[in-house]
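S.K.: got a sequence here, can you model it:
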Amino acid sequence: MGKINKTLQNIIAGPDNGLDIRNIKYLPRWAVFLIDIGLVTISTVLTIFILLDLSPFQYTLLSYFDKAVLIVGTHIVFFYFFKTYSGIIRYSSNIDALKLLLATISSFIFLLTVNYITFFSIGEKIFLVGGLLINLWISFSLLFLFRLGVKQVYEYFKIIQKNESLIKTVILGIDENAISIAGALDIEHPKRFKIVGFLTQNSHKRLRILDKPVLQHNEQIHKEVTSLGAEAIIFSENTFSSEEKFKLVEECLEHNIAVYNAPLVSSWDDSQPIAQKVKTLQIEDLLEREPIQLEVQNKIDQLTNRTILVTGAAGSIGSEIVRQVAEYNPKKLVILDQAETPLHNLQLEIESKFPDLNFKVIVCDVGNQKRLELMFQNQDIDVVYHAAAYKHVPLMESNPHEAIFVNIHGTKNLADLAVKYQVGHFVMVSTDKAVNPSNVMGASKRAAEMYVQSLYHEQIKRKTSETKFITTRFGNVLGSNGSVVPLFKKQIEKGGPVTITHPDIIRYFMTIPEACQLVLEAGAMGNGGEIFVFDMGEPVKIMDLAIKMIKLAGYQPNKHIKVRITGLRPGEKLYEELLNDECKTLPTHHKKIMIGQEVVRDYEMVNEKIIKIINSANKLKNDKVVAKLKDLIPEFKSNNSSYERLDNIPELKRN
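M.R.: Residues are numbered from 1 along each chain as shown. A predicted model of the protein is given here:
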């Protein structure tokens, strides 16, 4: 009993014991069902009293109690059939009213039918027809008024709320998705947004939606937002190009208008309140370009019913390659990485998302040649996607021998085994830092590029079994482990400061799915020996990126969140390149993908020098390792690094 009293108290009282009906989420279905039965019972009793008052004549085939049981029982059956109790009362709509009408009319028709069956069978009726009509009218009225009353009371308490700070917001768009979002946000409790109007690109004079004004927005969208008294805007449609969205958001941020993004209503679930699904716009939403349209059939031919190996499979790029390859129904997918926990997590994900996929998970360092050879012997691999690499510039600058073990020796191990075991395609994931490298990490990736290219041409020269070696180059990947965007997000969440190495530093960006699409496309279109380069659009100034991320989070740069310049890290460039000065480009069948024609070095020379580099790394002699890297890669000039002095030493003395 005490528990029931506590529940009732929560229904009618808020946290401060003030009257607030809004604190109840919704009545359970059984409660609505019982209330409806109670209302029909009241209707039946009222009908009996009305009939007794109007006429002394009554049919006596059944007692009043039996008549009431029959009427209520019939309504129970049709309530259950039409599920009149299934909706949330405060959100009742015309459909709910129609269900009530159908249930009560069906009950009337059924009782009327029973009435005449008994009349034609035994010559006496059970009910007065007028009584059934009165009961129909009273029942429907009570049921309808109950729902209408609950809805109006809830609306009243929603209107008079005083303690909730609402964000006055306009919604960009007037399509079905925009209207659904506005309606859902308007009726939700507790509320977060107060929708004050809509903006559209089209001209609609005196148009109102949900009793809110609709304005046409032009190039200066902030004026319309301000005219509606709003302080925020919600993007609800995907009709804008990336450039248009970027321009609109920049204008809003410049005028201190908060920007939010709402997903499609069709993708919503019930796991969280509606308002929580409307989130601040993320920088990834602005940096994304128009999706690239790639060939599908060539990747089907490349991957379906083939055995595919992905190295570095637990990393940001490798794991996405695994997900995309899995969509093409490979014969077998071999997933290899040395990182145990991320690899285990990926295994669980693949088991869940692709229950029918034949895959094998291998924990292995690509520097372990014997372990790799055993794998190649047992797996009959058709295609290799080589994404395993150390990529953090400052760490590799301090530990150059580790960059050699993984980025160079690991690549050499895999490439040599690919040739030995007649793998069809070997696709290597490289980086823009390999172009005119200024750090050990970039130089190690360039050395790996040089090796696989020279090995491919050596095969052609010797007319041996031909493995097609293909390289893909791209810049920074949004959301990848260690990239600048997640770092900035964490710094902003902690209240700053946001750290930038140099105010003029710029970078190219692409999304993880884009990068992996490029890798798969390169593997399918490549004939061997190519370096594929992706048109990454305009480079982004990191200072501007930080400022936008702070504003998108709702803060003012250098007021709420400080921006601190820390100085270039060892080996770091102000800008990255995708091609060096000697490299020419050729177009492909896709306008966003080019082939970079690098000068191919002699295999014997490259192989000999790489072996010397690996031997130096085994001795853990950092200076020797870097010196031999510079000998292999003449354009490798250290920047902001202790190895700069090696650039001033003659080549002969470096060796």
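
S.K.: the stretch 401-550 of the chain: helices as residue ranges?
M.R.: Using DSSP state H, counting those that start in this stretch, the helices of the stretch 401-550 of the chain run over residues 411-420, 440-462, 484-493, 512-525, 542-552.

S.K.: compare those helices and give me the one nearest residue 186.
M.R.: Nearest to residue 186, of all the helices of the stretch 401-550 of the chain, is helix 542-552, at 24.7 Å by Cβ to Cβ. All C-beta spots, glycine's among them, are computed from the backbone N, C-alpha and C.

S.K.: can you list the strands that the longest strand anywhere in the chain pairs with?
M.R.: Using DSSP state E, we find that the single longest strand of the chain is strand 193-200. Sheet pairing of strand 193-200 (DSSP bridges) gives strand 167-172 (parallel), strand 212-216 (parallel).

S.K.: buried deepest among these, which one?
M.R.: Counting by mean count of other Cβ atoms under 10 Å, strand 167-172 has the highest mean neighbour count of these, with a mean of 24.

S.K.: next structured bit after it?
M.R.: helix 176-187 (DSSP states H and E).

S.K.: now that following helix: buried residues?
M.R.: Across helix 176-187, burial judged by 16 or more other Cβ atoms under 10 Å covers 177-187.

S.K.: so how far is that helix off the chain centroid?
M.R.: Relative to the centre of its chain, helix 176-187 is centred 21 Å away, using Cα atoms, centre = their mean, to the nearest Å.

S.K.: where does residue 234 land in three-state SS?
M.R.: Judged by DSSP: H, G, I helix; E, B strand; the rest coil, the three-state class of residue 234 is strand.

S.K.: how about the strands paired with strand 193-200 in JSON lines, adding distance to residue 307 and mean pLDDT?
M.R.: As requested, those are exported to JSON lines (distance: least, Cβ to Cβ, whole Å; pLDDT from 0 to 100):
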{"stretch": "strand 167-172", "distance to residue 307": "48", "mean pLDDT": "84"}
{"stretch": "strand 212-216", "distance to residue 307": "57", "mean pLDDT": "83"}
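
S.K.: which residue ranges form the helices in the stretch 1-150 of the chain?
M.R.: Using DSSP H, counting those that start in this stretch, helices in the stretch 1-150 of the chain cover 2-12, 29-54, 64-82, 94-122, 129-159.

S.K.: tally of neighbours for residue 174?
M.R.: Look at residue 174: counted by other Cβ atoms under 10 Å, it has 20 neighbours.

S.K.: state the distance from the residue lying closest to it once chain neighbours are set aside to residue 55.
M.R.: Leaving aside its sequence neighbours, residue 174 sits nearest to residue 200 (Cβ to Cβ, 6 or more residues apart in numbering; 4.7 Å). Here residue 200 is placed at a distance of 62 Å from residue 55 (Cβ to Cβ, to the nearest Å).

S.K.: of those two, which one has the most company?
M.R.: Taking other Cβ under 10 Å, residue 200 and residue 55 do not tie; residue 200 has more neighbours (20 against 11).

S.K.: about what we covered before: residue 609 is nearest to which of the strands paired with strand 193-200?
M.R.: Each of the strands paired with strand 193-200 has some distance to residue 609 by Cβ to Cβ; the shortest is strand 167-172, at 57.9 Å.

S.K.: give me the residues contacting the closest one.
M.R.: Outside of strand 167-172, the residues within contact range by Cβ atoms under 8 Å, 6 or more residues apart in numbering are 178, 181-182, 192-200, 217, 224-225, 228-237, 248, 258, 260, 262.

S.K.: just the buried ones from these?
M.R.: Neighbour-count burial (16+ other Cβ under 10 Å) applied to the contacts of strand 167-172 gives 178, 181-182, 192-200, 217, 224-225, 228, 230-237, 248, 258, 260, 262.

S.K.: rewinding a little: after the longest strand of the chain comes which helix or strand?
M.R.: Per DSSP H and E, the helix or strand that comes after strand 193-200 is strand 208-209.

S.K.: give the pairing partners of that following strand; include direction for each.
M.R.: Here strand 208-209 has these sheet partners by DSSP bridges: strand 212-216 (antiparallel).

S.K.: quick check: phi and psi on the closest residue to residue 571 other than its chain neighbours?
M.R.: Distance criterion Cβ to Cβ, 6+ apart; nearest residue to residue 571, sequence neighbours excluded, is residue 439 at 2.6 Å. Dihedral pair for residue 439: phi -150, psi 170, per degrees, to the nearest 10.

S.K.: so residue 439 touches residue 644, yeah?
M.R.: No: using Cβ atoms under 8 Å, residue 439 is not in contact with residue 644, being 11.1 Å away.

S.K.: tell me which of these two has more neighbours.
M.R.: Ranked by neighbour count (other Cβ under 10 Å), residue 439 and residue 644 place residue 439 first, with 27 against 14.
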